[in-house]
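Novice: Provided below for reference: sequence and predicted model.
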Amino acid sequence: MAEPNASVDRLLFCSSVLLIGVVCLSIATVPDRAAAVVDAAYQWIAGRFGLAYQWMTIGATVILAVLAFGRHGKLRLGGESSRPAYSTWSWMGMLFCAGIGAGLLYWSTIEWAAYLDSPPFGLAPNSVEAWEWASTYGIFHWGLSAWCLYCLPTVAIAVPYYRRRIPYLRLSTSLVGLFGDDVVRRPLGRFVDFVFIIALVGGTGTSLGLATPMIGACISQLLGVEEAFRIDLGVVGIAVILFAASVYVGLDRGIKRLSDLNVGLAGAFLLFVLIAGPTLFVLKVGTNSVGLMLQEFFRMNTWTDPILETGFVEDWSVFYWAWWIAYGPFMGLFVTRISKGRTLKQLIVGMVGFGTLGCAVFYVVVGNTAMWMDMEGLVDVRGLINQGQNGSAIAQVIAALPLDPLPLIAFIVIAWIFVATTYDSASYAIASSATRDLVEGSNPARWHRVFWAFALAVLPITLMILDDLRAVKSAVLVVSLPLLAIGVIMTVSLFRTLEVNTEQ
Ligand code: NM2
């Protein structure tokens, strides 16, 4: 139920809507110039700030390890006597589905193929090492370090929210340790919340910008028709209806149910692919990749490619870290909302552990099956990727599974639900941030939640007009940049809050 006095924060609402409108209109009216600008922005940010993204990731991992296993690990959110509101299973499902969208389906199927021609560490393209690393690097990009980028803002928001009983669930809540409880109302706090909204619009823009052509290609494959922009528009339309309905219904009835369904369907799909596909090959390559990743974990985190400068780090690791960072505060708000009653250690270990595991399973099962199909000459995945036909590559891999067209139909449905479960919680989080005086346990107005569900679809549609993967990837790089600075301030603030609370 919406609080009677929970009114929309007009300044935040209008400035965000205005900025999104101006950006989308500019892209739509001069797409060629926009594509060039966006490309230049990517190069500039990745080139100059790439190292900062890498350090942010390393820093988040170290800090979370200290917090989980240090003396603060026992701190219980919501007070000693509070108990978790959701079962661990639902909690994990909800947080996984919120933070992971169809991007996982997209990249887990084809990321390895993109790495073969330009492998990491200066390895020879298509060499044995290049193949082994190709199926490993994706697991890293969706692994422990990445989940720490989700978990740090969660802890930074959850601790002051529950310990200091800050009545607002916003990114600016994380700053109260340094700037006082009323920072959420002051210009600094409102600016931070504005950055949050824009970051999330950009982050989700990349997600739907990738997912739509993928689902569109799967539908074309299913119906045996040419890929077309109108199919993609239909795909977005159905996705919007799904997540608008879910966020309209609300957190427990809509978002939770859809997440539970999503986990069940995705689990069944993975099991099917594992059994129906080349099981032994998948397990062997998977085991090999996990070992390689564990052994080279520090190397991957700190590899800056200073001598060869192949561009691998900027094109992939930095892009991914930026994408995770853009989603980070949103995950922070959402997971804070559902984590009352859990200790910090449970929160950190559960979120990072389960998230890493869930993503790794996708990469191992789906990615290695696709790799096997390419090796056996069943689907020319690498050829299609080199021609930029990523969506068709994914559709053909799924269509080549036994019992066609059932897996393809299941894949389309799962992809849609994955999109919906990310976007419904994203709309919810933005609406919460742009609402004044939203007290603990209450919800932003329905029309407001649904408005954001629709607004979130505008940028991806515009990006699709550009039809350029670089442009889609650039959205996250641009929007996540200010979050690097906010991330540092937020962390210092977190430690202040923890110290003060321990002294009391
Ligand atoms: N992350 C997890 O589409 C998606 O999967 C959304 C992407 C940030 C790389 C999340």
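Specialist: Good, I have the coordinates.

Novice: buried ones in stretch 299-318?
Specialist: Within stretch 299-318, the residues that qualify as buried by neighbour count (16 or more other Cβ atoms under 10 Å) are Met300, Asn301, Asp305, Phe312, Val313, Glu314, Asp315, Trp316, Ser317, Val318. Using the backbone N, CA and C atoms, a C-beta is placed for each residue, glycine as well.

Novice: need the contact list for Gly101.
Specialist: Thr204, Ser207, Leu208, Ala211, Phe418, Val419, Thr421, Thr422, Tyr423 (Cβ atoms under 8 Å, 6 or more residues apart in numbering).

Novice: rerun at 10 Å
Specialist: Contact analysis of Gly101 by Cβ atoms under 10 Å, 6 or more residues apart in numbering lists 203-204, 206-208, 210-211, 327, 415, 417-423, 426.

Novice: near the ligand, which residues of the chain? Just list them.
Specialist: Neighbours of the ligand within the chain, by Cβ under 6 Å from any ligand atom: Gly99, Ile100, Gly101, Ala102, Gly103, Leu104, Ser207, Trp323, Trp324, Tyr327, Thr422.

Novice: most neighbours among the residues you listed, which one is it?
Specialist: Tyr327 (31 neighbours; other Cβ atoms under 10 Å).

Novice: before we move on, back to that, for the residues of the chain next to the ligand, work out which two are farthest apart.
Specialist: Greatest spacing in the residues of the chain next to the ligand, by Cβ to Cβ: Ala102 and Trp324 (15.8 Å).

Novice: please name the nearest non-neighbouring residue to Pro482.
Specialist: Closest residue in space to Pro482, ignoring its immediate chain neighbours: Val195 at 4.9 Å, by Cβ to Cβ, 6 or more residues apart in numbering.

Novice: what are the buried residues along the helix or strand that contains that neighbour?
Specialist: With secondary structure defined by DSSP states H and E, Val195 is part of helix 187-223. By neighbour count on 16+ other Cβ under 10 Å, the buried set for helix 187-223 is 189-190, 192-222.

Novice: and Arg186, what is it in contact with?
Specialist: If you count contacts by Cβ under 10 Å, 6+ apart, Arg186 has them with Ser172, Leu175, Phe179, Gly180, Val192.

Novice: if we can go back for a sec, can you pull the contacts of the residue nearest to Pro482?
Specialist: Under the criterion of Cβ under 10 Å, 6+ apart, the contact partners of Val195 comprise Leu171, Ser172, Pro329, Val479, Ser480, Leu481, Pro482, Leu483, Ala485, Ile486.

Novice: CA atoms of the helix or strand bottoming out on mean pLDDT in the chain as PDB?
Specialist: Within the chain, confidence by mean pLDDT, DSSP states H and E is lowest for helix 458-466 among all helices and strands, at a mean of 85. The C-alpha coordinates for helix 458-466 follow below in PDB (Å, rounded to 0.1, in the frame of the first residue of the first chain):
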ATOM      1  CA  VAL A 458      12.500   3.900 -24.200                       C
ATOM      2  CA  LEU A 459      16.300   3.900 -24.100                       C
ATOM      3  CA  PRO A 460      16.700   0.300 -25.300                       C
ATOM      4  CA  ILE A 461      14.300   0.900 -28.200                       C
ATOM      5  CA  THR A 462      16.400   4.000 -29.200                       C
ATOM      6  CA  LEU A 463      19.600   2.100 -28.900                       C
ATOM      7  CA  MET A 464      18.200  -0.600 -31.200                       C
ATOM      8  CA  ILE A 465      17.700   2.000 -33.900                       C
ATOM      9  CA  LEU A 466      21.500   2.500 -33.900                       C
END
